[in-house]
Every structure is written in structure tokens, then in C-alpha cells.
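1. Attaching a predicted model along with its sequence, questions to come.
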Amino acid sequence: MLNPNLDQIQLNKEEYERFSRHLILPEVGLEGQKRLKAASILCVGTGGLGSPLLLYLAAAGVGRLGIVDADVVDSSNLQRQVIHGTSWVGKPKIESAKNRIHEINPLCQVDLYNTWLTSENALEIAEPYDIVIDGTDNFPTRYLVNDACVLLDKPNVYGSIYRFEGQATVFNYEGGPNYRDLYPEPPPPGLVPSCAEGGVLGILPGIIGIIQATEAIKIILGQGTTLSGRLLLFNSLDMKFRELKLRPNPERPVIEKLVDYQEFCGIPQAQAAEAEQKANMEEMTVQDLKQLLDSGADDFVLLDVRNPHEYEIARIPGSVLIPLSEIESGEAIPKVKELLNGHRLIAHCKMGGRSAKALGFLQEAGISGTNVTGGITAWSREIDSSVPEY
């Protein structure tokens, strides 16, 4: 429970009217609304999670919101990042968020940090705020947010989403567990697909983000029971919630300083391994592929390793679909050999990563091939704009 000096906090006539539905709640009342006005919250990210939680925190009367993000609004964001609008495509997300927040509550102070959170700036940025909310989508930043909150002794309201499932909890609050109690070690890079690769139901981050906002408000008000020590799991397809208990691990290493979280999560090592693999792999551009297709040559097989539903969205003419999962399992190796029958192999995916991985597996089976850099996304942008970009 935060303890501001409420004698210095006053509501004006407009605020009494704006927050009247809060004021008549005994659990909020005038004191609670003053607590909200005195509170400050830092939100890391203005994506799927940050969008709804920022809207509702501003509407609830939180007096100061900090936003950390260096990204710009993309049209693919609009399916779930509801704080942004079409007119803001191509513009900074933090500016879009501030504009929308002030439409909802012009009395809210909005601090903008047009940067990525790093080990060099995290402590300085987070220090002035009462609560930090993690709205990120990658493991290095999640560990960074966690460790900064531990060092600064601040609650970390956590949420994550993937496809149709989400989870939320409160870390580092009143002696409760932190993120490293849930995930002592990060998963290998690439093991957990991003939302850009795996997709996400647009409504899902709204549900999880609102849960995060609710937890933050409960901490400010000192009301109810928070999710500290409980991991809330949500499956939107089944519309089911369940809980897992979390406890601090007494053998957990003490967090003494911020580290290089890219290194900690194995990102540079994975990038080096990928670069080495690509150095030994033949590549071609989409222009090269277009020229080959236009030539009428029939001595090659164009292999698409995306998932079947992606193939339905967009495809390059003449391509044959064999998903990466079937190649990884070895199930499709005989089929690939039969298809090739002495022909040259050319592989592509959405942007080139999965096809490079597929060629790596095929190479182990004695099948070499050429990777199309940029994949069907580059084909859509540079060759045929009628092919949908997703």
C-alpha cells in the first residue's frame, strides 16, 4: 500500500464529477481517488498490453503515467493495440498514446521516454514511479524490468500473451516472488515464437491488460488481494481461468546489478550461429527468384515452409507447401527428396528465418538448397503488391 501525503492532494470540481462513480464506492471514496491522483505508474511498452491498461489507468484518475517505447505505429498493430488509430500509422507510439490519454483524461501527467529500456537507463527511468507495469513481448526486457524493480523495491505488474492464452501476476510486492522465481532461466532464443510469428487474438491483450490495470489500482488503493504469489492463466478459447501458486525461491541468486540481458538470454550467441549458418548457405533475392520464374526454367522446386493457414493468405506462384514442423520432425524428408528428383531446391517463408532453419535441417539430411532472403514479405513489397502482406 502506497502512502502519499493526501493532505496536499485536492480534487477540483471537474474531478468530482469525472470520478463520481469512484467516489461513491466505499472502497475508493475521496481518499482512494486522492491516492489515484497522487500515484505514478511507469508502463514499459505501448503495444497490445500497454494500450488497454494505459487507457483505463488514465480514465481511473492515475495522476502520472510514464511510457517507454521507441516504436512507431504500424497498420498491423491496430488489430489489438487499441490506444492507436489509423491516422497515427508511421508516427511514434508514445505520442499516439499521449494524445489518446489526454482525450480521456486531460488532467493526467504523461511522461514520454522515446527509447528502448536498457541496463543503462532502466533504473533512472523507473526510479520516480510507484509501480512499474511490464507490457513487453520479449524475454530480455522482461528480465530487465524485473531486476530493475527488485533493485528499486517497486511492484512489477506482469502480463504476457500468445495466440489465445495469457497470464498475469504481480511480482516483487510485499515480499512476494519475482519473475526469476517463475522463470529462473530464459528459454533458448527462437523456442517461443513471437506474436508476429505465432499470431495473437486481438481481444486477448485487452483482457490481460485490464487485469494488469486492475492489479495496479488495487495496489494504489490498498484494497483487495493482489495476484502476488499467484500466476493467473487464461485460455480465451475455453474461456477458463486457473491459478498456479508462486513462491520465492530461497536459493535464487541475489540480484545485485543490471546485466547485459541480450547476452543473458543468449541473443548474440544465437545471432552468431544464425550468421554462420547463413554464411554457409546459398541465398537469392526476390528479384533473382522473379527472373528465374520468368525464364520458364523447370529445373527447380520452390518450397514454402510456412504453415497451411499462411499459405492460404498469400503464396508465390508455383510454390509447394511443406511446413517447417514436418521438416523438423523428419517426417517430410522423403517427400522433399521425391519432389526434388535431382532438381534444385529453393526455399522461402514469411521473411527468411524459418526457411533458413528448414534448409539447415535438410542439409543434415544431405539436401542442399537456396534461401530466398526476405521471403514472401519481400516478394509482396518489391515484386507483386497484389500478394497480401500480413
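-> The structure has been received and is ready for your questions.
2. what are the ranges of the strands in this protein?
-> 40-44, 64-68, 109-113, 131-134, 156-162, 165-171, 230-235, 240-245, 282-284, 300-304, 320-321, 344-348, 370-372 (DSSP state E).
3. what's the offset of the last one from the middle of its chain?
-> Right, strand 370-372. For strand 370-372, the separation from the chain centroid amounts to 28 Å (computed by C-alpha atoms, centre = their mean, to the nearest Å).
4. Would you mind pulling the contact partners of that strand?
-> With C-beta atoms under 8 Å, 6 or more residues apart in numbering as the test, strand 370-372 has contacts from 278, 281-286, 289, 344-348, 352, 355-356, 359, 378-379. Using the backbone N, CA and C atoms, a C-beta is placed for each residue, glycine as well.
5. And the buried ones among the residues you listed, selectable in ChimeraX?
-> A single ChimeraX command selects the buried members of the contacts of strand 370-372 (16 or more other C-beta atoms under 10 Å):
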select :278,281,286,289,345,346,347,348,352,355,356,359,378,379
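6. Output the below-cut-off pLDDT ranges for the stretch 151-300 of the chain.
-> Along the stretch 151-300 of the chain, the model assigns pLDDT under 70 to residues 277.
7. Can you tell me which of the strands of the chain is packed in deepest?
-> Among the strands of the chain, strand 131-134 has the highest mean neighbour count (mean count of other C-beta atoms under 10 Å), at a mean of 28.
8. so who does the residue sitting nearest the centre point of the chain touch?
-> Using C-alpha atoms, centre = their mean, the residue of the chain that lies closest to the mean C-alpha position is D137, 2.2 Å off. D137 sits next to 45, 47-48, 160-161, 194-195 when contact means C-beta under 8 Å, 6+ apart.
9. if we can go back for a sec, pipe the strands of the chain into JSON lines and attach distance to E124 per row.
-> As requested, those are arranged in JSON lines below (distance: least, C-beta to C-beta, whole Å):
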{"stretch": "strand 40-44", "distance to E124": "11"}
{"stretch": "strand 64-68", "distance to E124": "11"}
{"stretch": "strand 109-113", "distance to E124": "10"}
{"stretch": "strand 131-134", "distance to E124": "13"}
{"stretch": "strand 156-162", "distance to E124": "17"}
{"stretch": "strand 165-171", "distance to E124": "21"}
{"stretch": "strand 230-235", "distance to E124": "30"}
{"stretch": "strand 240-245", "distance to E124": "34"}
{"stretch": "strand 282-284", "distance to E124": "42"}
{"stretch": "strand 300-304", "distance to E124": "47"}
{"stretch": "strand 320-321", "distance to E124": "50"}
{"stretch": "strand 344-348", "distance to E124": "44"}
{"stretch": "strand 370-372", "distance to E124": "42"}
